[in-house]
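Novice: with the input below, show me the fold.
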Amino acid sequence: MTSEPAHITSRDNPLLKELRKLSHEPGAYRKAGRIWLEGDHLCRAARERSVRASIALFTESIWPSARVEWADAADKTVIVADALMAGISGLESPAHMGFVLDLPERPQVESHTPTVVLDRLQDAGNVGSILRSAAAFGFKQVIALKGTAALWSPKVLRAGMGAHFGLRLIEGVEIAALDALQVPCVATSSHRGDWLHRAELPFPCAWLMGHEGQGVSAELEARAARHMRIAQPGGEESLNVAAAAAICLHASAVGAKS
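Specialist: Okay, here's the model as predicted:
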C-alpha cells in the first residue's frame, strides 16, 4: 500500500537544501551519496531499468495528473510548490518532477566487456554524449580516469539522456585500473594509425578517448594495441571527441556483426 505523499512548504527544508546542492554542484553527489534526476525523461529511463527511487518529488500543479503513473515510483513521495521546485532546478525551464536515487557503488572492472575509457575529458556535454553512444553501440562499460567530468553530475546526466542506467560506470580511477582489462585497447589519433573505414577492428575492445585539447595521454597511449584515424574529406584538423567516439563505436559495433 502506497503511503500518502508528504508536503514541503519551506525552502529551508533540509531535503530542498540538499537538492539545491545536488542540482548545482557537479561533485556534490559524491559526498551526499545520492543523485538528483530532474525531469520525467530521466526518471522514466531509471524506472525502465528497474532503478527504484528513494524519493520522488512533484510540483503541486503536476501531481493531480501524475499520481496515476507515478504514485508508487519511490519509497517516499514529496509534493512541493512550483516555486520551490524552480528554486531547486538547474534548468532554464524547471521540470515538474524529479527522483532522488542512492549513488550506486563503484563496480569492479570487467575484464572482457566492450569498454570506453575516458581520459580527462572536461566537458560534461561531451561525456554525456559518449555515454549515449556507448549504450547505443553495445559498449557496456565506461571507465572514467581521474580528471574526467563527474559522471553522475546533473549536466552529464542530462546529456546522457538515460544511458547511465544501462552502463557499468567506473569513475575516478588511476590508469593502473586498466590492468584488469583483457581486451585490446584502441586509441584515436588525428595524425597516425590505420584509417578507421579500412580497418578490421578487434571486438570486444576498449576505445581510449582523450582530453578535448591534449588528446590521449602518452601513458595511456602506450597501452594501445592499435591506433585509428578517421578520414575527414572536408579537410578539418580534428573532430569533437564526442563525434569521434560515436563514429568509432559505431564502426566497432557494425564490424562485430558483419
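Novice: quick one: the strands in the stretch 1-150 of the chain?
Specialist: For the stretch 1-150 of the chain, the strands defined by DSSP state E, counting those that start in this stretch occupy 6-8, 34-38, 53-59, 74-80, 97-102, 115-119, 141-145.
Novice: any low-confidence regions in the stretch 51-200 of the chain?
Specialist: 190 (pLDDT under 70).
Novice: now do 90
Specialist: Of all residues in the stretch 51-200 of the chain, those with pLDDT under 90 make up the ranges 90-92, 188-194.
Novice: how about the helices of it, start to end?
Specialist: Ranges of helices in the stretch 51-200 of the chain, per DSSP state H, counting those that start in this stretch, are 63-70, 82-88, 124-136, 154-160.
Novice: CSV please, covering the strands of the stretch 1-150 of the chain and showing distance to G128.
Specialist: Where C-beta positions appear, they are placed from N, C-alpha and C, glycine not excepted. Rendered in CSV, the data for the strands of the stretch 1-150 of the chain read as follows (distance: least, CB to CB, whole Å):
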stretch, distance to G128
strand 6-8, 29
strand 34-38, 13
strand 53-59, 20
strand 74-80, 24
strand 97-102, 17
strand 115-119, 11
strand 141-145, 11
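Novice: may I have stretch 52-60 as PDB, with CA atoms only?
Specialist: This file holds the C-alpha atoms of stretch 52-60, laid out as PDB (Å, rounded to 0.1, in the frame of the first residue of the first chain):
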ATOM      1  CA  ARG A  52      13.900   2.500  -7.700                       C
ATOM      2  CA  ALA A  53      14.000   6.000  -6.300                       C
ATOM      3  CA  SER A  54      14.200   6.600  -2.600                       C
ATOM      4  CA  ILE A  55      12.300   9.900  -3.000                       C
ATOM      5  CA  ALA A  56      10.100  11.200  -5.800                       C
ATOM      6  CA  LEU A  57       9.300  15.000  -5.900                       C
ATOM      7  CA  PHE A  58       6.400  16.600  -7.700                       C
ATOM      8  CA  THR A  59       5.100  20.100  -8.100                       C
ATOM      9  CA  GLU A  60       1.700  20.800  -6.800                       C
END
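Novice: could I get the buried residue list for it?
Specialist: By 16 or more other CB atoms under 10 Å, the buried positions in stretch 52-60 come out as 53, 55-59.
Novice: hmm, who's touching that stretch?
Specialist: Contacts made with stretch 52-60 from outside it, assessed by CB atoms under 8 Å, 6 or more residues apart in numbering, are listed as 5, 15, 19, 34, 37, 43, 46-47, 66-67, 70, 73-82, 85, 88, 96-102.
Novice: ok, now stretch 19-38?
Specialist: So stretch 19-38 is in contact with 18, 43, 46, 53-54, 57, 87-91, 94-95, 98-103, 124, 149-150, 152-155, 157-158, going by CB under 8 Å, 6+ apart.
Novice: gap between it and the chain center?
Specialist: 14 Å (CA atoms, centre = their mean, to the nearest Å).
Novice: what comes up buried for that stretch?
Specialist: For stretch 19-38, burial by neighbour count (16+ other CB under 10 Å) applies to 19-20, 22-23, 25, 28-29, 32, 34-38.
Novice: do stretch 124-140 as well
Specialist: Applying a neighbour-count criterion of 16+ other CB under 10 Å, one finds 124, 126-135, 137, 139 buried in stretch 124-140.
Novice: export the buried residues of stretch 52-60 to a markdown table and tack on distance to D119?
Specialist: Listed next are the buried residues of stretch 52-60 as a markdown table, based on distance: CB to CB, whole Å:
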| residue | distance to D119 |
| --- | --- |
| A53 | 32 |
| I55 | 35 |
| A56 | 36 |
| L57 | 36 |
| F58 | 40 |
| T59 | 40 |
